[in-house]
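Asks: Need the 3D shape of this:
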Amino acid sequence: MRQVAQRIGVEPAYLSKIERGDVAPPSEATTVRLARELGEDPDVLLAMAGKVSGDLQEIIRRRPQLFAELIRQLKEAPDGVILRVVREVRDGEW
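Replies: Now for the predicted structure:
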């Protein structure tokens, strides 16, 4: 834990308190550094901390009604359906 704490720029005691849930989740920047250090997806760790990355917040702020509707419509969709939508948008097949 000491090595991980040192590599992400926090005190080992703070990292221990986060792990135990004794303190509020760390900032977005610290969470992202921790995720990368652990080889995890930063968005997953942010979600576990009850947060959404700043870049996603900005995207949603530009068109809040559309993204809210999209997320609400997809909330019960199986992962395969969501992945298909992501691939279609990413590949420009729309």
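Asks: C-alpha only now, for contacts and for neighbours.
Replies: Fine.
Asks: Now do the contacts for S53.
Replies: 28, 43, 46 (CA atoms under 8 Å, 6 or more residues apart in numbering).
Asks: I'd like to know how far it sits from R90.
Replies: 19 Å (CA to CA, to the nearest Å).
Asks: any idea how far T30 is from the residue most central in space within the chain?
Replies: Central residue of the chain (CA atoms, centre = their mean): D43, 1.9 Å from the mean position. For D43, the distance to T30 (CA to CA) stands at 12 Å.
Asks: I'd like to know how many residues surround I82.
Replies: 14 (other CA atoms under 10 Å).
Asks: Ok, the one 5 residues further on next?
Replies: Here the number of neighbours of R87 (other CA under 10 Å) works out to 12.
Asks: For the host helix or strand of L34, which helices and strands make contact with it?
Replies: Here L34, judged by DSSP states H and E, is contained in helix 28-38. Under the contact criterion of 3 or more CA pairs under 8 Å, 6 or more residues apart in numbering; DSSP states H and E, helix 28-38 touches helix 2-8, helix 42-48.
Asks: How confident is the prediction for M1, by pLDDT?
Replies: pLDDT for M1: 89.
Asks: cool, the one 3 residues further on as well?
Replies: In the prediction, the pLDDT value recorded for V4 is 94.
Asks: Ok, the one 4 residues further on next?
Replies: Reading off the per-residue confidence, I8 sits at a pLDDT of 96.
Asks: Count the neighbours of it for me.
Replies: Neighbour tally, I8, other CA under 10 Å: 18.
Asks: Now do the same contact list for it.
Replies: Per CA under 8 Å, 6+ apart, neighbours of I8: 30, 33-34, 37.
Asks: Mind listing residues that contact the strand or helix carrying I59?
Replies: In this assignment (DSSP H and E), I59 forms part of helix 54-62. Residues from elsewhere that reach helix 54-62 (CA under 8 Å, 6+ apart): 28, 67-68.
Asks: do the same with stretch 65-85
Replies: Outside stretch 65-85, the residues touching it (CA under 8 Å, 6+ apart) are I60.
Asks: Pull the distance from that stretch to the chain's centre.
Replies: 17 Å (CA atoms, centre = their mean, to the nearest Å).
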